[in-house]
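> just to be clear, the model below is a prediction. Sequence and coordinates:
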Amino acid sequence: MRFLFWLALIGLVYFAIRSKLKAAQRNMQRREAAQQAAQQAAQYGNPANPSSPASITGGETMIVCSHCSVYFPASEAVRATIAGKELVFCSTQHHQQHAQQQAAPDSAP
Ligand SMILES: [Zn+2]
């Protein structure tokens, strides 16, 4: 019976140490990833470097909505040609609103 008790105790200690080590490893990896992200941000977000546009964040180009002037990722853009001009919108809703304003400009007070 005593032998079983010690076996269980050793097993518990072993698993406790292993889980602690795993948590520490995960923390280190997270810290390294954060450092890399900070380095990348410093590279891309540096306004003193003209070769890196300030509008690019994390490799994604940011563009302005023609309706509400809000910056958003180019991959989410709604593109449309209104009155011969190619415009981009942050949503289909703003595309429709802008198109309605263009179609009836004197409806505004
Ligand atoms: Zn918009």
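Received, thanks.
> all strands of this protein, in order?
For the chain, applying DSSP state E gives strands covering 56-57, 60-64, 71-73, 78-82, 85-89.
> can the last one be said to contact the ion?
It stands for strand 85-89. No - figure legend: strand 85-89 not in contact with the ion (CB under 5 Å from the ion); closest approach 5.5 Å. Glycine gets a C-beta too; all of them are placed from N, C-alpha and C.
> for that strand, name the packing helices and strands.
Contacting strand 85-89 under the criterion 3 or more CB pairs under 8 Å, 6 or more residues apart in numbering; DSSP states H and E are the following elements: strand 78-82, helix 92-103.
> same deal with the fourth one?
Under the contact criterion of 3+ CB pairs under 8 Å, 6+ apart, the helices and strands touching strand 78-82 comprise strand 85-89, helix 92-103.
> which one of the ones you listed lies nearest to M1?
M1 lies closest, by CB to CB, to one member of the helices and strands packed on strand 78-82: helix 92-103, at 72.9 Å.
> and that closest one, what's its mean pLDDT?
Helix 92-103 carries an average pLDDT of 91.
> any residue of it touching the ion?
Yes - applying CB under 5 Å from the ion, one finds helix 92-103 in contact with the ion at H94.
> list the buried residues for that helix?
Buried positions in helix 92-103, judged by neighbour count with 16 or more other CB atoms under 10 Å: H94, H95, H98, A99.
> got the residues of this structure near the ion?
With the criterion set to CB under 5 Å from the ion, the chain comes near the ion through C65, H67, C68, C90, H94.
> what's the longest helix along the chain packed up against?
Longest helix in the chain by number of residues, with DSSP state H as the criterion: helix 2-44. Contacts defined by 3+ CB pairs under 8 Å, 6+ apart place helix 2-44 against no helix or strand at all.
> chain neighbours aside, what residue packs nearest to T92?
With CB to CB, 6 or more residues apart in numbering as the measure, V78 is the residue that lies nearest to T92, at 5.4 Å, once sequence neighbours are left out.
> isn't the one you found right next to Q96, touching?
No - taking CB atoms under 8 Å as the definition, V78 is not a contact partner of Q96, at 9.5 Å.
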